[in-house]
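1. Give me a 3D structure for the following:
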Amino acid sequence: MFESFGRGFRMIWASVKMGWQDKRLLLPSILTVFTNLIFGTLLVLQGMERVHKGGPGAAGQMGGMPDMSGGMPGMMPAMPGIGAQMPTHGLLHHGAGHVGQMVNMTGLNGPLDQSGFGALSGFTNTESMLVFGSLMAMWWLTNRFLEGVTTALVYTHLTEGSGSGKFGAACTAVLSSLPALAMLGIATFAAKKLAGWLRDRKGSGVFGFGFTFLASVVEVFWTLAGHLILPAIVIEGTSFVGGLKRADKIAQGNLITIGVGEVGVDAICKLCTYLLYAAGMGGFGYAYYIHMPLTSPIVVMGGLLWAATVVVVTAASIYIRAAFYTCLYAWAIDAEAVQDSERVRVKPPEALAAALA
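-> Numbering: from 1, shown residues only. A predicted model of the protein is given here:
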């Protein structure tokens, strides 16, 4: 585990240096944070409107929806809305729940992950299905579009040198691949529903464990496959089926000689995000505990500083993960071009090479 974390830190540092050399690599990830804020706010407003129109019964129907107000990176936790009558321990417990939700948004299978399992949560209300489904689809596609732009820029940086990638050209390339990205979204939704169906079938004993295990396998397998399908679509301009075949070929041919878990990028990003959100919730909780007005200059300035840090850290996490999987894909392309016996001599891209040194 410590070796994995060491590689992860080296990968992160190398990715940061790469982004510092060409700051355009960071732009799509920063835009992703703000588009997440916009879509998250829209979903919250839709949910509030539904509850307001339907009364208490509608609030119960909203139980199957994700808590976007507390789970969206870049959004301030709705501390004033908790209520002045809530005891301090209740506030902290509530905040801890928000921290866990926010961290899960950025981890494996979260909506900021390339496969976006968490962004495709199920709907329990038929009347609002169209509205929420449309918002979720637009959110997912927007995230994947910006992820694709990051992938294109990083790949150009790796293959043609610093400053060679053009943001406009990357956007044009990803736009031409939108049909394939939409198919990736449909396939992801189907995999999500399959995993959910398996979890719903769980019972007790061995069979219950078996269905849960199969659901986890489907989620993790499709997530990792998505990390290879998206670069295939963006870098090589393949269709969705072509990207699926490329991902299968890379996996079956052992073109990548290191496992994803051997470089602990995702674990480190998730840990840093957790610590950041916990610090923010702790600060607001302490201000609430000592009865400091939330409009006081100290709380306002601290909140703004924390929010800015959330934007930077979240954008960095999105960029670093995209850079990592782009490096893996570029390494697989280079390994594919040589004979099997010579693949061990193929050097990974610079950032990944630094991680594996």
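2. Distance from stretch 304-317 to the middle of the chain?
-> 15 Å (Cα atoms, centre = their mean, to the nearest Å).
3. pLDDT of that stretch, averaged?
-> The pLDDT scores in stretch 304-317 average 88.
4. Can you pull out the low-pLDDT segments for the stretch 151-300 of the chain?
-> Residue ranges of the stretch 151-300 of the chain with pLDDT under 70: 202-210, 220, 223-224, 253-262.
5. Now do the helices in it.
-> Using DSSP state H, counting those that start in this stretch, the helices assigned to the stretch 151-300 of the chain run over residues 167-175, 178-200, 205-236, 240-252, 265-289, 297-336.
6. what would those helices look like in TSV with mean neighbour count and distance to W20?
-> Yep, even glycine has a C-beta here, placed from its N, CA and C like the rest. Below are the helices of the stretch 151-300 of the chain laid out as TSV (neighbours: other Cβ atoms under 10 Å; distance: least, Cβ to Cβ, whole Å):
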stretch	mean neighbour count	distance to W20
helix 167-175	16	17
helix 178-200	17	29
helix 205-236	19	23
helix 240-252	17	30
helix 265-289	19	18
helix 297-336	20	11
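7. T142 is nearest to which of these?
-> helix 178-200 (10.4 Å; Cβ to Cβ).
8. one step back: right, and the helices of the stretch 151-300 of the chain - which one's nearest M129?
-> helix 178-200 (12.9 Å).
9. For that closest one, name the packing helices and strands.
-> The contact analysis (3 or more Cβ pairs under 8 Å, 6 or more residues apart in numbering; DSSP states H and E) places helix 178-200 against helix 129-160, helix 205-236, helix 240-252.
10. In JSON lines: these, plus distance to F34.
-> Formatted as JSON lines, these follow (distance: least, Cβ to Cβ, whole Å):
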{"stretch": "helix 129-160", "distance to F34": "10"}
{"stretch": "helix 205-236", "distance to F34": "21"}
{"stretch": "helix 240-252", "distance to F34": "28"}
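11. what comes up buried for stretch 25-39?
-> For stretch 25-39, a neighbour-count test (16 or more other Cβ atoms under 10 Å) marks 25-33, 35-37, 39 as buried.
12. So, low pLDDT: which residues of the stretch 1-150 of the chain?
-> 1, 50-128.
13. how does it look with 50?
-> 57-96, 98-99, 106-109, 111-112, 114-115, 117, 119-124 (pLDDT under 50).
14. closest to I333 out of the helices and strands packed on helix 178-200?
-> With Cβ to Cβ as the measure, helix 205-236 is the member of the helices and strands packed on helix 178-200 nearest I333 (7.8 Å).
15. Check which helices and strands the closest one sits against.
-> Against helix 205-236 (3+ Cβ pairs under 8 Å, 6+ apart) you get helix 129-160, helix 178-200, helix 240-252, helix 297-336.
16. Same list, those, but as JSON lines with distance to A357 please.
-> JSON lines is the format used below for the helices and strands packed on helix 205-236 (distance: least, Cβ to Cβ, whole Å):
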{"stretch": "helix 129-160", "distance to A357": "17"}
{"stretch": "helix 178-200", "distance to A357": "33"}
{"stretch": "helix 240-252", "distance to A357": "23"}
{"stretch": "helix 297-336", "distance to A357": "14"}
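17. Select, out of the ones you listed, the one closest to A353.
-> helix 297-336 (8.7 Å).
18. Next, the angle helix 240-252 makes with the closest one.
-> Interaxial angle of helix 297-336 relative to helix 240-252 (axes from the mean of the first three to the mean of the last three Cα atoms, to 10 degrees): 80 degrees.
19. closest one to V313 among the helices and strands packed on helix 178-200?
-> Short answer: helix 129-160, nearest of the helices and strands packed on helix 178-200 by Cβ to Cβ, at 16.2 Å.
20. list the buried ones in the closest one?
-> In helix 129-160, counting by 16+ other Cβ under 10 Å, buried: 131-132, 135-137, 139-158.
21. between it and helix 178-200, how big is the angle?
-> 120 degrees.
22. what helices or strands is helix 129-160 leaning on?
-> Using 3+ Cβ pairs under 8 Å, 6+ apart, helix 129-160 is in contact with helix 2-21, helix 27-54, helix 167-175, helix 178-200, helix 205-236, helix 297-336.
23. Could you export these as a markdown table, including distance to E342?
-> Output for these, formatted as a markdown table (distance: least, Cβ to Cβ, whole Å):
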| stretch | distance to E342 |
| --- | --- |
| helix 2-21 | 24 |
| helix 27-54 | 35 |
| helix 167-175 | 30 |
| helix 178-200 | 32 |
| helix 205-236 | 22 |
| helix 297-336 | 9 |
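24. out of those helices, which comes closest to A355?
-> Of the helices and strands packed on helix 129-160, nearest to A355 by Cβ to Cβ is helix 2-21, at 3.6 Å.
25. how about that closest one: buried residues?
-> Quick answer for helix 2-21 (16+ other Cβ under 10 Å): S4, R7, G8, R10, M11, I12, A14, S15, V16, M18, G19.
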